[in-house]
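Q: What follows is a predicted structure for the sequence shown.
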Amino acid sequence: MSCSSQRAHVVPWSDIERFEAGHLLVVVRQPELGGPIGVWAVQAANLARMTGRRSQADDVADELNALLRVARANGGKAG
């Protein structure tokens, strides 16, 4: 997984398979387009992970997956 704080990635909605929340928020690209990208701006709290609770990263992943579904339904536009 690419996790460089000094590298910017621009990933079109059409290249994204899904978003996942782990230790970091992860942008999972279509397999043929490259590997996953870790997003440092959204990190799961260790306490949430250790206790099996949802974290802010889970909420952000859910919201981004909802926007991804809208983008797919609207020809690549999420809004």
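A: Yep, that arrived.
Q: mind showing which ranges of the chain have poor pLDDT?
A: 1-6, 43-44, 79 (pLDDT under 70).
Q: all helices of it, in order?
A: In the chain, the segments counted as helices under DSSP state H are 46-51, 56-73.
Q: Let's have those helices in TSV, adding mean neighbour count.
A: Any C-beta I mention is one placed from the backbone N, CA and C, and that applies to glycine too. TSV is the format used below for the helices of the chain (neighbours: other Cβ atoms under 10 Å):
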stretch	mean neighbour count
helix 46-51	11
helix 56-73	15
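Q: what would those helices look like in a markdown table with distance to Ile37?
A: A markdown table is the format used below for those (distance: least, Cβ to Cβ, whole Å):
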| stretch | distance to Ile37 |
| --- | --- |
| helix 46-51 | 20 |
| helix 56-73 | 12 |
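Q: and Pro31, which of those is closest to it?
A: Smallest distance to Pro31 across the helices of the chain (Cβ to Cβ): 16.1 Å, for helix 56-73.
Q: just checking, what packs against the closest one?
A: Identification of packing neighbours for helix 56-73 by 3 or more Cβ pairs under 8 Å, 6 or more residues apart in numbering; DSSP states H and E yields strand 16-21, strand 24-29, strand 37-43.
Q: Point out the most buried one among those strands.
A: Comparing the helices and strands packed on helix 56-73 by mean neighbour count (mean count of other Cβ atoms under 10 Å), strand 24-29 ranks first with a mean of 20.
Q: Quickly run through the sheet partners of that one, with directions.
A: Using DSSP bridges, strand 24-29 pairs in its sheet with strand 16-21 (antiparallel), strand 37-43 (antiparallel).
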